[in-house]
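**Q** predicted model and sequence follow; I will ask about them next.
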Amino acid sequence: MQQRTLGTRTVSAIGLGGMPMSIEGRPDEARSVATIHAALDAGVTLVDTADAYHLHAHEVGHNEELIARALRSYGGDTSDVLVATKGGHLRPGDGTWTQNGDPAYLKQAAKESALRLGVDAIGLYQFHRPDPAVPYAEAIGALVELLDDGVIQQAGISNADVAQIDLANKILGGRLASVQNQFSPRFRSSQGELEHCAALGIAFLPWSPLGGIANAAELGARHAVFQDVAAAHGVSVYQVTLAWELALAPVVVPIPGASRPASILDSVRAADLTLTPEEVARLSAA
């Protein structure tokens, strides 16, 4: 599979988003593990998670623990797999979300995530979402301490704007490895952040790159041009969508969520789908 650079690591051009395996409508664990194993078999070396990817309030870290078990039970070599997790976004009650950017909290949350993942140092730790009650610089300062203390190997941010990207990169001394924002044919308001990351050489990880769990099934109906290009190539509209995102900049690494092997196997084929410049332009203008 095509490879991309994420900070100091080389990862697969398509990652696996673990969120659907742990929230509403999640499958049984056997199917989730089979999905993760299928991704690894297909060459996926980036797996995205967060301590907040769980259904019930008492299940903090459900997805992290699931991924850790799947990696331990995989029969092949996983030494090149980068597990990226996040902290600072919480589900204190079923269906509710809050933020906590307090530096002390973030540092403790990262240590707890490392324990759940069974690692000495987290490969990539991202501040999940800005907290209006905490100055952004203070939250990023916690990432600096986590890096310097060896709790994490790389630092990233999520749901950030251009000013926050620049501030985080400055505070981190140029060590900002990734920005994880929502981006898809349906949600393009992060186009500026994507282009800014490309200019800086920072990995941009689109979350919900197919439009989200509730909207992915309607992708072709909502965006006829994507369906037309898919038909011309004889592939799924999902593959075309991911291939389009990859074509936007060499720093883009989409992380489509999946909860069944067939879904992630279809997604990874996008890394080998080459769109013409004309097709990319048509899709971008759609």
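**A** Yep, it's here.

**Q** use CA for all of it now, contacts and neighbours both
**A** Will do.

**Q** in the stretch 151-286 of the chain, what residue spans correspond to helices?
**A** Taking DSSP state H, counting those that start in this stretch to define them, one finds helices in the stretch 151-286 of the chain at 162-171, 191-200, 219-222, 224-233, 237-248, 261-268, 277-285.

**Q** want to throw the ones you listed into JSON lines with distance to E29?
**A** Output for the helices of the stretch 151-286 of the chain, formatted as JSON lines (distance: least, Cα to Cα, whole Å):
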{"stretch": "helix 162-171", "distance to E29": "36"}
{"stretch": "helix 191-200", "distance to E29": "34"}
{"stretch": "helix 219-222", "distance to E29": "28"}
{"stretch": "helix 224-233", "distance to E29": "32"}
{"stretch": "helix 237-248", "distance to E29": "25"}
{"stretch": "helix 261-268", "distance to E29": "13"}
{"stretch": "helix 277-285", "distance to E29": "37"}
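
**Q** any low-confidence regions in the chain?
**A** Where the chain drops to pLDDT under 70, the residues are 94, 214-216.

**Q** what about P250, neighbour count?
**A** Per other Cα atoms under 10 Å, the neighbour tally for P250 reads 17.

**Q** which residues does it contact?
**A** Each residue near P250 by Cα atoms under 8 Å, 6 or more residues apart in numbering is listed here: 4, 198.

**Q** so it versus G141, what's the distance?
**A** Here the distance between P250 and G141 works out to 28 Å (Cα to Cα, to the nearest Å).

**Q** re the thing from before, now for the helices of the stretch 151-286 of the chain, which one comes closest to P27?
**A** helix 261-268 (11.7 Å; Cα to Cα).

**Q** circling back to that earlier point, can you tell me which of the helices of the stretch 151-286 of the chain is packed in deepest?
**A** Highest mean neighbour count of these: helix 237-248, a mean of 24 (counted as mean count of other Cα atoms under 10 Å).

**Q** list of residues touching stretch 254-270?
**A** Stretch 254-270 is touched from outside by 1, 13-21, 26-27, 31-32, 34-36, 38-39, 42, 44, 47-48, 204-210, 213, 236, 238-240, 242-243, 245-246, with contacts defined as Cα under 8 Å, 6+ apart.

**Q** in PyMOL, how would I select the buried members of those residues?
**A** Here is the PyMOL selection string for the buried members of those, based on 16 or more other Cα atoms under 10 Å:
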select buried, resi 1+13+14+15+16+17+18+19+20+21+32+34+35+36+38+39+44+47+48+204+205+206+207+208+209+210+236+238+239+240+242+243+245+246
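
**Q** which helix runs longest in this structure?
**A** Longest helix in the chain, counting residues (DSSP state H): helix 103-117.

**Q** what's opposite the nearest residue to T49 once chain neighbours are set aside in the beta bridge?
**A** Nearest residue to T49 in three dimensions, chain neighbours excluded: T85, at 4.7 Å (Cα to Cα, 6 or more residues apart in numbering). Taking DSSP bridges as the rule, T85 bridges to Y125.
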